[in-house]
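# Sequence and predicted structure below; questions after.
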Amino acid sequence: MHMAELKKSIGFFTIVALTIVSLLGTSIFFGASLAARISGSASIIAWVFVALIGVYVSACFGELIGMYPSAGGVYEFSKQAYGRFPSFMIGWVTWIVQNITTALIIVAAVEVALPAFPYPLVKILLTISIIVILNIVAYRGIGISSKVLIFFATITLAIILVIIVPGLFHVQAVKFSEFHPSLLLLFLTTFFIIESFFGWESASFMAEETVDAEKVVPKALVIATVLSVLLGVIIAGVQIGILGTGGLVSSTSSVLDTSFILFGSQATLLFTIGIFLALIGSAAGGIISNPRLLLALGRDKLFIEQASHIHPRYNTPYKAVIFQMIASIFFVLLSFAKYEKVLSYLVPLALAMYITVLIAVVVLRVKKKEHRRPFKVIFGKVGPVIVALLYATIIVVWAVKEPEGFHVLKILGSLLFLAIPIYLLLTFYYNPTMLIRFSNLVATVNLLLEDLFLPAEIRKKILSIFRNMRDKTILELGAGVGTLTMQLAEEVGNEGRIIAIDLSEKNLKIVRKRLIEKKYSHVELIHDEHMVNRIHPDITKVDMVFSVGHLTYIQDVQKVLKEIYDVLPDNGKVCFVEYLDFFYFLPNKSLISNQEELRKVFRDAGFSVNITVSKSLFWKFIFIYGIKTGEEDVIMV
């Protein structure tokens, strides 16, 4: 179940449907009014500009997906182009963008359905219910998800076409007469409508599950984008040509107002339901695809590794789906604000993310010249840079022209800064080199707080698990500052032997000083920076193995347990103690998250173990103790 590959089961039409529902966002239904308030009927230029750029960006995504058709999408491109830390930051931004987009769309959908409803709590509960239902769909597998996406794409296209086809015959040229374009205002207009054509990243996340993804996804992406932007520009033109600048500026829902003129009041309810479903479909695209980003980050140890687990029946990253559902609800609660305000947070982040993707095309053209490219964007070394500069210009113009622009950018900068300590925590959590540096740095602190990190009652329990330690040879993996070492040395006596290994020189320096003070000469200290991958080759025979806080840092647990098995006699004993539910909110490492699976890991290595849990003030301790034997259960001896 863990670290399995997603099965290839979706095809061209699913990617087309996903791209359509992802691209045709809220601005398709609300953007015409916002655009008209800024640049009047000249806003049609902004719509055409956004459409042309959108087609080119889709081709850039097509080239990158063709090169790297994996679940990581944007994160995978960035990893190949920029390296580990930048790709984490870009993945973080992408994840926030997806969540804000989903929240914005669902909140907008609820507002369309219940525009004047006086009870906000009911709206919030309806919104949460929609999120839960869509995540259940995402959890249950790509088969049902594909059908849902195709259904919503059909609804979206139907709503737009039903307005466009008769609407073209009602367009009045006079409505475009007040046509006074201003370059700065058009760039500002672009800022507020560009969200109409955000969403290519959703298709990139599904590439790993797409049959013949290198060819299918780029083709589907470009075709769906051309169709979407064409319909988007036409429906914007129809609204301008029917309502005019004055009608758009005063409208709260320009699409509904247009449908009223075309079909009368009797059709308003049907169009309200249709727009509601189209918006829910747009949200569904992100909810179904976004957990794949978390899966990719989890695989690379840049997110909790549980996110990379794939459901044995549904073949979905189900734990990532559950986490995503909780995150979506959180972002929705933050998004019950004015539409333009939420849009002001979304667009700069999304444009920044797209800029990194565009530049990745150029970087990889230089960095990986020989890499196979089933699909190539035209002007691949220049075009992406030009579009990236245009995106940057849009952000700058908005920041200068909008009173709170720079303030919003500062808030967004804070969100990005928050990612840095998360990255450092994850790196320390999974990276042995960082672990060594950190252990050396905090060695003195660990000594001062050793009774907090390993309380006396926990040490007492460890020592009580196995009796008759006198005169034995004990291997201690991860001696730390010697908190347990000193007591083990006392238990075995002068005729026994302790071999204490640690990867931190600073830790062992402290232990050595403590041993001298106690005049213990039967303790051997070994510094081994590679202990996360092995049992030191000097260790050939021991009677028991003790370890506190080391098991979850071992890179290949089966390999190390087999090596422990080889140095123990028959019925040799092991006792591993790990921290569980750290501070009662940090996620546990995958290895210790499931006791049955943990027991199986030890059993496969030749050990029969018991597993118990003890509570402490700030965390729990999990005890894994047993013997080298084939028996199922272990009695304390």
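Perfect, thanks for sending it.
# Ala173 contacts Ile240, doesn't it?
No: Ala173 is beyond contact range of Ile240, at 10.8 Å (criterion: Cβ atoms under 8 Å). Bear in mind the C-beta positions are built from the backbone N, C-alpha and C, glycine included.
# Settle it for me: which of these two has more neighbours?
Looking at Ala173 and Ile240 with other Cβ atoms under 10 Å, you find the greater number of neighbours at Ile240, namely 27 against 7.
# Count the residues that sit near the closest residue to Leu454 other than its chain neighbours.
Excluding the flanking residues, the one nearest Leu454 by Cβ to Cβ, 6 or more residues apart in numbering is Thr483, at 4.9 Å. Thr483 has 21 neighbours, counted by other Cβ under 10 Å.
# any idea of the pLDDT on Thr483?
The predicted structure scores Thr483 at 95 on the pLDDT scale.
# Counting by contacts, list what the lengthiest helix in the chain packs against.
Counting by DSSP state H, the longest helix found in the chain is helix 213-250. Under the contact definition 3 or more Cβ pairs under 8 Å, 6 or more residues apart in numbering; DSSP states H and E, helix 213-250 sits against helix 12-23, helix 27-39, helix 43-67, helix 142-167, helix 200-205, helix 254-263.
# and these as JSON lines, adding mean neighbour count?
Shown next, in JSON lines, are the helices and strands packed on helix 213-250 (neighbours: other Cβ atoms under 10 Å):
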{"stretch": "helix 12-23", "mean neighbour count": "26"}
{"stretch": "helix 27-39", "mean neighbour count": "25"}
{"stretch": "helix 43-67", "mean neighbour count": "23"}
{"stretch": "helix 142-167", "mean neighbour count": "19"}
{"stretch": "helix 200-205", "mean neighbour count": "28"}
{"stretch": "helix 254-263", "mean neighbour count": "20"}
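# export the ones you listed to JSON lines and tack on mean pLDDT and distance to Pro403?
Output for the helices and strands packed on helix 213-250, formatted as JSON lines (pLDDT from 0 to 100; distance: least, Cβ to Cβ, whole Å):
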{"stretch": "helix 12-23", "mean pLDDT": "92", "distance to Pro403": "30"}
{"stretch": "helix 27-39", "mean pLDDT": "87", "distance to Pro403": "14"}
{"stretch": "helix 43-67", "mean pLDDT": "96", "distance to Pro403": "21"}
{"stretch": "helix 142-167", "mean pLDDT": "93", "distance to Pro403": "34"}
{"stretch": "helix 200-205", "mean pLDDT": "93", "distance to Pro403": "30"}
{"stretch": "helix 254-263", "mean pLDDT": "92", "distance to Pro403": "25"}
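# for those, which one sits closest to Arg459?
helix 200-205 (47.1 Å; Cβ to Cβ).
# ok so, going back, out of the helices and strands packed on helix 213-250, flag the one nearest Ile554.
helix 200-205 (31.1 Å).
# What mean pLDDT does the host helix or strand of Ile501 get?
Using DSSP states H and E, Ile501 falls within strand 497-502. Strand 497-502 shows a mean pLDDT of 96.
# And stretch 570-583, by the same measure?
Per-residue scores along stretch 570-583 average to 91.
# what's the distance between the residue nearest to Thr94 when sequence neighbours are not counted and Ile96?
Leaving aside its sequence neighbours, Thr94 sits nearest to Val74 (Cβ to Cβ, 6+ apart; 4.9 Å). From Val74 across to Ile96, the span is 12 Å (Cβ to Cβ, to the nearest Å).
# Name the residue in the two with the higher neighbour count.
Neighbour totals were compared for Val74 and Ile96, and Val74 leads with 30 against 22 (other Cβ under 10 Å).
# The more buried one against Arg292, yeah?
No: between Val74 and Arg292 there is no contact under Cβ under 8 Å: 10.7 Å.
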